[in-house]
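> need the 3D shape of this:
(2 chains)
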Amino acid sequence: MSKVRVMHYVNQFFAGIGGEAKADVPFGCFPGPVGPGKRLQELLGDSAEIVVTVYCGDDYFSKHLDETVAAILQTAREQNIQLLVAGPAFASGRYGFACAEVCHAVSSTLGLNCVTGLHLENPGVETYQQYKDRMVYAFPTTEEALGMGAALSTMARFVSRLTAEASIGTPAEEGYIPRGFRLDKVKSDNGAARAVRLLLDKIGGRTFVSEIPVENIEAIPVSPPIGDLRKACLALITTSGVIPPGNPDGFRGFQNVRWGKYSIEGLNSMLDANWDVLHGGYNTDAMKKNPNYGVPLDICREMEREGVFRKLYSHFYGTPGARGLLSVMHQLGNDMAFEMKSNGVEGALLVST
Amino acid sequence: MAMQLKVNRIVTGTKIPHPCGDPNLPTEADRALRRAIIQCSLSALQREVKGPTLFVPDVTFTSG
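Prediction:
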C-alpha cells in the first residue's frame, strides 16, 4: 500500500525561521518534515509520509490571507497531497487562526481530511466551529508547547485512523473538539424510551449525556442607552416574515440565510400598501390581515409626528425567522446593524414572532 | 427564549402570531395596546442595562 501524502502547516517559529521578529515572513515551503513534523513523521510510521512542510509568518498570514491560502492550495495540488496536518498551535491566537483557515481552505476546496491541534480557548476554535467542515478535526491541546508530545501523539493516532479509512465517530468517542453539528444515527430503541431513561437518570442523580447538548450562548455586549430619543433616528426590524408581495428576494419559510430591507417611505401604516407574510413557524392569518402587528408602522409614524423620536428610517429590515441557525442569524444581525449604522440609524426595534 | 439567547433589552409582546397588538380587540383598543408596547420598547432603549432585562408594558394582555 502506498503511503498517504501529507502536507504539514506550521508557523515561522516552528519552521525554524524565527520568533516574533520574523512574524512577517511570507509563505514558504520545505520538502519533507520540519520541526514538530519530524516527531509527527516518526509517530505516523509507514502509514503516511509528510512530503512537504508549508509555513507562513503569523502576521503575514492574517494580512495576506487570500494570497497565502492560494499558495498553499497550489502546493497541495502540485504535490498530490491527500491529507493536511496543521500545527498544533496551542493557545497562540494568530497561529491557531491560521491553522483553522488553512484547514478550511484545503478541506472545502480540495475535499481533503485535515487535522489540527488547538487549546480550547484559542480564537482559532471559534473559526473552526464557524466553518463546520465535516472533514476538519481539531484536537484540544495544552496552552503551552510543553504539551507538544501528547498533542502530536493524539493527532498522529487520529491521522492513522483517517488513512486506514476507519469510520469516524462523534467528538466524545474520538476526542476532537465538537464542530457544532448533529450527526444522524440509528438507535435500537425509540426517542420516547430514550427520553424517559434520560429523565430517570437525571431524577435519580445518575450521570447522563444529552443527545442534543444545549448550545453555549455567549453574552452579547450591551449597547449604551440612547441619551436623547427626540434626536434619534430609529429603524424597524422584523423576523415575522412580512415581505413585499411575490417574495422578490426569494425567502424560504424557514432557515433563511439572507435579509432584506423594504421602503416604508410615504406610508402611514402597513395597511397603506400590499404585503405578503412568509413564515414556517406560526399561523400568519392575523399578520396578513394587519402587518402592523409585525412592523408597527402606524404607531411609529404617530410617535414620529409627535416628536417622541426624530425620525423613522425610510426602510424596515427583515428576514423570516423560523428555525434560523444561530451562527447564520448572528451574521445577518451583524450585517443589518452595519448597514443601519452607515445610514445614520441610532436605535432599532425588532419585532420577533 | 429571548432571555436564553441573551438579548439585552426584551419587551413582552402580546402573542407569537401578533406581537404588537391583538386582533381580538376593537381597532382603537388594539392600537392602544400596540402603542403601549412601543412606548415600553422606547423606554427600554433609554435604560441602562447590565445584561438580559425584561421590560413589561403597562397593559393587561387579554388575548386567549
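> what distance do you get for the residue of chain B positioned farthest from its centre to residue A:217?
What lies farthest from the middle of chain B is residue B:50; by C-alpha atoms, centre = their mean that is 19.6 Å. Distance, residue B:50 to residue A:217, using C-beta to C-beta, to the nearest Å: 17 Å. For the C-beta atoms, the positions are set from N, CA and C on the backbone; glycine is no exception.
> pretty sure residue A:27 sits against residue A:72.
Yes - judged on C-beta atoms under 8 Å, residue A:27 makes contact with residue A:72 at a distance of 6.9 Å.
> check which residues of stretch A:225-235 are buried.
For stretch A:225-235, burial by neighbour count (16 or more other C-beta atoms under 10 Å in any protein chain shown) applies to A:226, A:229, A:232-235.
> and what of stretch A:155-166?
A:155-156, A:158-163.
> can you list the residues you listed in TSV and add distance to chain B, pLDDT and secondary structure?
Shown next, in TSV, are these (distance: C-beta to the nearest C-beta, whole Å; pLDDT from 0 to 100; DSSP: H, G, I helix; E, B strand; the rest coil):
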residue	distance to chain B	pLDDT	secondary structure
A:155	34	98	helix
A:156	40	97	helix
A:158	34	97	helix
A:159	38	97	helix
A:160	41	96	helix
A:161	37	95	helix
A:162	36	96	helix
A:163	42	94	helix
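> a markdown table for these, including distance to residue A:261?
Listed next are the buried residues of stretch A:155-166 as a markdown table, based on distance: C-beta to C-beta, whole Å:
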| residue | distance to residue A:261 |
| --- | --- |
| A:155 | 46 |
| A:156 | 51 |
| A:158 | 46 |
| A:159 | 48 |
| A:160 | 52 |
| A:161 | 49 |
| A:162 | 45 |
| A:163 | 50 |
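> contacts only, for residue A:25.
The contact partners of residue A:25, by C-beta atoms under 8 Å, 6 or more residues apart in numbering or on different chains, come to A:12, A:17-18, A:55-57, A:60.
> of the residues you listed, grab the buried ones for PyMOL.
Here is the PyMOL selection string for the buried members of those, based on 16+ other C-beta under 10 Å:
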select buried, chain A and resi 12+17+55+56+57+60
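> now the contacts of residue A:25 as TSV including pLDDT, secondary structure and distance to residue A:3?
Converted to TSV, the contacts of residue A:25 look like this (pLDDT from 0 to 100; DSSP: H, G, I helix; E, B strand; the rest coil; distance: C-beta to C-beta, whole Å):
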residue	pLDDT	secondary structure	distance to residue A:3
A:12	96	coil	28
A:17	94	coil	27
A:18	92	coil	31
A:55	97	strand	22
A:56	97	strand	25
A:57	96	coil	30
A:60	95	helix	31
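> what about residue 44, how many residues nearby?
Let's take chain A. As a burial measure, residue A:44 scores 24 neighbours (other C-beta atoms under 10 Å in any protein chain shown).
> not what I meant, chain B
Neighbours of residue B:44 using other C-beta under 10 Å come to 21.
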